[in-house]
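In: below are the sequence and a predicted model; questions follow.
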Amino acid sequence: MDKKIYTRQELYDLVWNQSLTKLATKFHIEPHRLKEICAENEIPLPTRGYWSKVRFNKKIVKPTLPKIENENPKINLDPKQQYKKFRTDYHRRAFELEQRRDLNFKVPVRISTYHPLIRTSKKLLEKIDNSEKRLRYWEVASENDLLPIHTDLKLRDRALRFMDTLIKIVEAMGCKIVFYCNSAHVEMFGQKTEINLRQKVYRIRTKDESGWSRESWEKSDKLEFQAGPSFNQKKWIDNTKRKLEECLPEIIAWIEKDCRYWHDLRARQTIEENKRLLQQQKIESIKEAEELEQSKVNQLLIDSENWNKAQMIERYVDKIEKLSILAKGIPSHKQDYITWARKVAYAMNPLNTGNESQ
């Protein structure tokens, strides 16, 4: 087959349209390798007996293509392509980043022009080293943008070159280094991941003649890079197989993964919070409508009671007036009382005051 690059959907359609053996023959690759490629890209394959059922027109079940984080990977089926297995997704991402031509992961042996952050940090670290008052790192970092480089002079140059390369890679990816709470962070996708570069220190335990245990700290010639918060920190250390400089693609990939995780988490939290607020507004709206309806009912009861009381007062006043007329005249004080009572009844009657419920 002339075409060598496929999407997940295209490869999914191919493996469900013809057997894996025939397909592998067309691509000139081993069937087991094609099966591995499908597994790496989470592409489901027909189960045993599937093609027999197809041949005899029996009922078959074809699973849908599941969604993955990278929905549009480019799958190279060229038999000359050397395939590489990856332990985790971020190791795969590290390999992809390392192949990019716009990113230079090689730490130079000598740098003529450092990044401005490196130049500033270099001067501040020299200031700490030469301080007569024995300045501490955190004292200087609280007032200046100081990169977290904790090494002695023996490893200082190497640490500066490593950090210079890392910063330039981060900026080439459209991201940046930010300083927050006396710490340096790589900012990607609007989220920050703390970084730290230090000289590996080993704890040595010894016992004196009396048997008491003592602890001392011994500096090594190894560099250690830390990324992420203390509760989820990832570390890379020099070892006999590879130096820290060779871990740069993995470091960048892990930082990218960490920032993306927090970005996606914050996005989900925002969606959930908006849903919660909408639900709360809906509940409050229903509650407000119920309270309004109840207040109208209460007002209706009050108006009806006042109307009934006004009727009683009017009948009572009419009775007083009739009895007074039968008694040959209404005294002036009683007439005043009757006039006042009629005003009270008139004011109390909601039909007269216009306070009746609508």
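Out: Great, that's in hand. Numbers count the residues shown, from 1 in each chain.
In: what pairs with the top strand by length along the chain, parallel or antiparallel?
Out: Longest strand in the chain by number of residues, with DSSP state E as the criterion: strand 191-207. Sheet partners assigned to strand 191-207 using DSSP bridges are listed as strand 149-150 (parallel), strand 183-188 (antiparallel), strand 213-227 (antiparallel).
In: closest one to residue 205 among those strands?
Out: The closest of the strands paired with strand 191-207 to residue 205 is strand 213-227. By CB to CB, the value is 5.6 Å. To be clear about C-beta, it is placed using only N, CA and C from the backbone, and glycine gets the same treatment.
In: so which bits of that closest one are buried?
Out: Of all the residues in strand 213-227, those buried under the rule 16 or more other CB atoms under 10 Å are 222, 223, 224, 225, 226, 227.
In: cool, stretch 31-41 as well?
Out: Neighbour-count burial for stretch 31-41 [16+ other CB under 10 Å]: 34, 37, 38, 41.
In: so what touches it?
Out: 8, 11, 15, 20-21, 23-24, 27, 44-45, 68, 73, 75, 77, 83, 85-86 (CB atoms under 8 Å, 6 or more residues apart in numbering).
In: stretch 218-228 too?
Out: 151-152, 154-155, 158-159, 162, 186, 193-204, 233-239, 243-244, 247, 251, 254-255, 258.
In: quick one on the thing from earlier: and which of the buried residues of stretch 31-41 is nearest residue 178?
Out: Using CB to CB, residue 41 comes nearest to residue 178 of these, at 35.1 Å.
In: tell me the pLDDT of the closest one.
Out: We have a pLDDT of 86 for residue 41.
In: got it, and the one 5 residues further on?
Out: pLDDT recorded at residue 46 is 91.
In: look up how far residue 66 lies from it.
Out: To residue 66, residue 46 is 15 Å away according to CB to CB, to the nearest Å.
In: more crowded one of these two?
Out: residue 46 (18 against 10; other CB atoms under 10 Å).
In: wait, a helix at the more buried one?
Out: No. Secondary structure assignment (DSSP: H, G, I helix; E, B strand; the rest coil) places residue 46 in coil, not in a helix.
In: who's in contact with it?
Out: 15, 16, 19, 20.
In: do you know the pLDDT at the second one?
Out: You'll see residue 16 listed with a pLDDT of 93.
In: how about the strands in the stretch 1-150 of the chain?
Out: According to DSSP state E, counting those that start in this stretch, the stretch 1-150 of the chain carries its strands in the segments 5-6, 75-76, 149-150.
In: quickly, which of the ones you listed bottoms out on average pLDDT?
Out: Going by mean pLDDT, the lowest-scoring of the strands of the stretch 1-150 of the chain is strand 75-76, which has a mean of 82.
In: which regions of the stretch 1-150 of the chain sit below the pLDDT cut-off?
Out: Within the stretch 1-150 of the chain, the ranges that satisfy pLDDT under 70 run 1-2, 71, 80-85.
In: can you give me the neighbour number for residue 109?
Out: With other CB under 10 Å as criterion, residue 109 counts 8.
In: next one: residue 245
Out: Count around residue 245 with other CB under 10 Å applied: 18.
In: this structure: helices as residue ranges?
Out: Along the chain, the stretches classed as helices by DSSP state H are 8-15, 20-27, 31-40, 50-55, 89-99, 116-129, 137-141, 153-172, 248-326, 332-348, 350-353.
In: what are the buried residues along the fifth one?
Out: If you call a residue buried by 16+ other CB under 10 Å, then helix 89-99 has these buried ones: 90, 91, 92, 93, 94, 97.
In: residue 61: which of those residues is nearest?
Out: residue 92 (30.0 Å).
In: identify the residues contacting residue 90.
Out: Contacts of residue 90 (CB under 8 Å, 6+ apart): 250, 253, 254, 256, 257.
In: at 6 Å instead, please
Out: 253, 254, 257 (CB atoms under 6 Å, 6 or more residues apart in numbering).
In: and the last one, how far from residue 107?
Out: In this case it means residue 257. 22 Å.
In: on that earlier part again, could you list the residues in contact with the longest strand of the chain?
Out: 148-151, 155, 159, 163, 183-186, 213-220, 222, 224-228, 237, 255, 258-259, 262-263.
In: picking that back up, format the helices of the chain as a markdown table; extra columns: distance to residue 179.
Out: Formatted as a markdown table, the helices of the chain follow (distance: least, CB to CB, whole Å):
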| stretch | distance to residue 179 |
| --- | --- |
| helix 8-15 | 41 |
| helix 20-27 | 51 |
| helix 31-40 | 39 |
| helix 50-55 | 58 |
| helix 89-99 | 25 |
| helix 116-129 | 9 |
| helix 137-141 | 8 |
| helix 153-172 | 13 |
| helix 248-326 | 16 |
| helix 332-348 | 73 |
| helix 350-353 | 70 |
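In: sorry, back to before: closest to residue 278 out of the strands paired with strand 191-207?
Out: strand 183-188 (30.2 Å).
In: and the angle from that closest one to helix 248-326?
Out: Per axes from the mean of the first three to the mean of the last three CA atoms, to 10 degrees, the angle that strand 183-188 makes with helix 248-326 is 90 degrees.
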